[in-house]
Each structure stands twice: as structure tokens, then as C-alpha cells.
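Chemist: I would like to see how this sequence folds:
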Amino acid sequence: MLRSLLFVFLIVMASAAHAERLQKCPVDKANQADVAEAVTAAPSCAQSYEVMNVCRSNSSGDVALANIVVQKCEQVFASTLEPPALKVYEAARESCTRRFRHQDGTVSLSYAATCEAGVAVVFAHRADLAAMKPRRDPRKPPYGDLSPVQ
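Modeler: Numbering: from 1, shown residues only. I've put the predicted structure just below:
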């Protein structure tokens, strides 16, 4: 269980480090309604996370933006998540809350919510990859019939 959480956390950190990033918020950061609309309008889960990340204010207002991202991402994977994976998902989100629980101020709420949104992005990405993986018949060799040609 701990190994799974560590794996998810490392993926979140690696994806954040290597993703193409928006340089600045595409809307006025001061207008929370415009930011929420931009996060909602983003075409994918990962892109909504990127918009949220560059537009966040590091305050408790970011919790609503993160919830939009989480809802958008859960639409991708929630219906296909098996119970063991659901437990890992919930534990990973809970670890975000625990990680920032002892910090004071609204910035800790922003960090915890951003972390939870990142976990949802990772699970959505994994679901997308699983959907793209070609299904093969396990009774057949992986590369087709390799018997010698006569």
C-alpha cells in the first residue's frame, strides 16, 4: 500500500516536472469566476490542472478550482476503477491532506487541494493509457505465429 502511494506521488512529481507548462494564466487571476470557467472549459483533465496551477492564488479559493479538476478527471476513470485501485486513489488523496494538515494559513489548503488534483490527473492518465493498450488473446503468442515458413 505504501509502495503504491509512493509510486503515485513520484508520478505526480515527474509529470509536473516534464509537462509543457502554461507560462501565465489565460484569464484575469483576480476574477475567480473567470478562472473557474477557464479550468472547466479546458479540453482535458491534464489541461484543466495546468490552467488551475498557473492561475491559483495560493489561498483557500484554490480548493474550488481543484474540485473542478478532480471532478473532470474522475469522469475519465471513476467508472472503471476496481475496488483495490479505488482504495489506493482515496489513500493518495488522503495523504495530500495529511501532508499539509499541520501548516497554518490558507496556503496549506491550496497546497493540499492542488496535490489532490494532481493525484486525480495521474489516475486519469493511467486510465487513458490502459484504454489505449491493445488487447490481445493471452492464448496466442504475443507476436503472432512464429512457426518457420516452409
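
Chemist: ok, longest helix in this structure?
Modeler: helix 106-132 (DSSP state H).

Chemist: and it, what does it pack against?
Modeler: Packed against helix 106-132 by the contact rule (3 or more Cβ pairs under 8 Å, 6 or more residues apart in numbering; DSSP states H and E) you find helix 2-18, helix 45-55, helix 62-77, helix 83-100. (Glycine included, C-beta is placed from N, CA and C.)

Chemist: chain center to that helix, what's the gap?
Modeler: 2 Å (Cα atoms, centre = their mean, to the nearest Å).

Chemist: cool, stretch 72-79 as well?
Modeler: For stretch 72-79, the distance to the chain centre is 10 Å (Cα atoms, centre = their mean).

Chemist: circling back to that earlier point, for residue 29, which of the helices and strands packed on helix 106-132 is the nearest?
Modeler: Nearest to residue 29 among the helices and strands packed on helix 106-132 is helix 45-55 (5.3 Å), distances taken as Cβ to Cβ.

Chemist: residues touching residue 41, list them.
Modeler: By Cβ atoms under 8 Å, 6 or more residues apart in numbering, the contact list for residue 41 is empty.

Chemist: any idea how far it is from residue 84?
Modeler: 34 Å (Cβ to Cβ, to the nearest Å).

Chemist: try residue 34
Modeler: Counting by Cβ to Cβ, the gap from residue 34 to residue 84 is 40 Å.

Chemist: what does residue 74 give?
Modeler: Residue 74 is 17 Å from residue 84, by Cβ to Cβ.

Chemist: now the phi/psi pair for residue 101, please.
Modeler: phi -60, psi -40 (degrees, to the nearest 10).

Chemist: against residue 34, how distant is the spatially most central residue of the chain?
Modeler: Closest residue to the average C-alpha location of the chain: residue 121 at 1.2 Å, with Cα atoms, centre = their mean. Between residue 121 and residue 34 the computed distance is 22 Å (Cβ to Cβ).
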